[in-house]
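Undergrad: Could you work out the structure for the sequence below:
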Amino acid sequence: MNAPLLKCNNLRKSFQSDGNEVDVVRGVDLEVSEGDFTVLMGSSGSGKSTLLYLMSGLEDVSGGTVICNGHEISSMKEKELALLRRREMGFVFQAFNLIPNLTLLENIMAAGFLGDTPKEQLESRALALLESLGLGDLAKRLPSQVSGGEQQRAATARSLINSPKILFADEPTGALNSASGKKVLDYFSSLADEGQTIFMVTHDLKGACRGNRVLYLKDGQIHGEYRFDDPSLSLEDREKTLFSWLVEQGW
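TA: From the prediction side, this is the model:
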């Protein structure tokens, strides 16, 4: 097994609500190896998105440690974290968050301008990403001129412009219809086949089947883990076996 790219030890997160402390993530120990496509599932309110935010430094931890590619991000200052996220991480959320007055190409390049890649090289990579996502003909269009699924694919391209070590995805198909969602998931699968490390939160069974590893979060703790050890299984068979396992977990 490859060395852990991301590691959490006794990770905890609490919030204050009406004067009471509410534990959302409760002592999570977790490793993500390089090349893993890890999927996090759980019921609504189980802490899935919060755990992703803690692992990526988007939320401050209440306790425990998070180490990403050798960096202990749980103790970093915001400026250091921002630099690490820019260099090491990519993000895809349910909301596309594209800049409305920039074209799809410009949206993708804007994320790359934060680095030191020459503009010509950046544009070439952005165009290649758009092409690989079936958006080559839409590079000059504004977000309002394309569909929601096309916007999400553009957002995925933007997340990859800096060649991140790990791609975090929080319900990336949650706002899409089944056809558009399938195109996004197909691309995630192709990225995983190429060795891209992915950590995805989803409530969607069909989406979860794309991973090689599924974690089930319950009451802020990892309740179980399932791995697809047979790469020859069809997506339909993966869905059936995963569904049976999720029912056992209380899904």
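
Undergrad: show me what contacts residue 103?
TA: 139, 140, 141, 142 (Cβ atoms under 8 Å, 6 or more residues apart in numbering). Glycine gets a C-beta too; all of them are placed from N, C-alpha and C.

Undergrad: Distance from the helix or strand hosting residue 111 to the middle of the chain?
TA: Using DSSP states H and E, the element containing residue 111 is helix 104-112. Remark: helix 104-112 is offset 19 Å from the chain centroid, using Cα atoms, centre = their mean, to the nearest Å.

Undergrad: Next: stretch 188-203.
TA: 8 Å.

Undergrad: Pull out the buried positions in it.
TA: The neighbour-count check on stretch 188-203 (16 or more other Cβ atoms under 10 Å) flags 188, 189, 191, 192, 196, 197, 198, 199, 200, 201, 202, 203 as buried.

Undergrad: repeat for stretch 43-58
TA: For stretch 43-58, by 16+ other Cβ under 10 Å, it's 46-58.

Undergrad: Widest-spaced pair of those residues?
TA: Greatest spacing in the buried residues of stretch 43-58, by Cβ to Cβ: 46 and 57 (20.9 Å).

Undergrad: Might you list the low-confidence residue ranges for the stretch 1-150 of the chain?
TA: Filtered on pLDDT under 70, the stretch 1-150 of the chain yields the residue ranges 1-3, 115.

Undergrad: Which parts of it are strands?
TA: For the stretch 1-150 of the chain, applying DSSP state E, counting those that start in this stretch gives strands covering 4-17, 20-33, 37-42, 63-68, 71-72, 89-93.

Undergrad: out of those, nearest to residue 239?
TA: Using Cβ to Cβ, the strands of the stretch 1-150 of the chain put strand 37-42 closest to residue 239, at 12.6 Å.

Undergrad: Extract the C-alpha set from the closest one and format it as CSV.
TA: The C-alpha coordinates for strand 37-42 follow below in CSV (Å, rounded to 0.1, in the frame of the first residue of the first chain):
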residue,chain,number,x,y,z
PHE,A,37,-10.4,7.4,-4.5
THR,A,38,-12.0,7.6,-1.0
VAL,A,39,-15.7,8.2,-0.7
LEU,A,40,-17.3,9.4,2.6
MET,A,41,-21.0,8.6,3.1
GLY,A,42,-23.4,9.0,6.0
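
Undergrad: Thanks a lot, see you next time.
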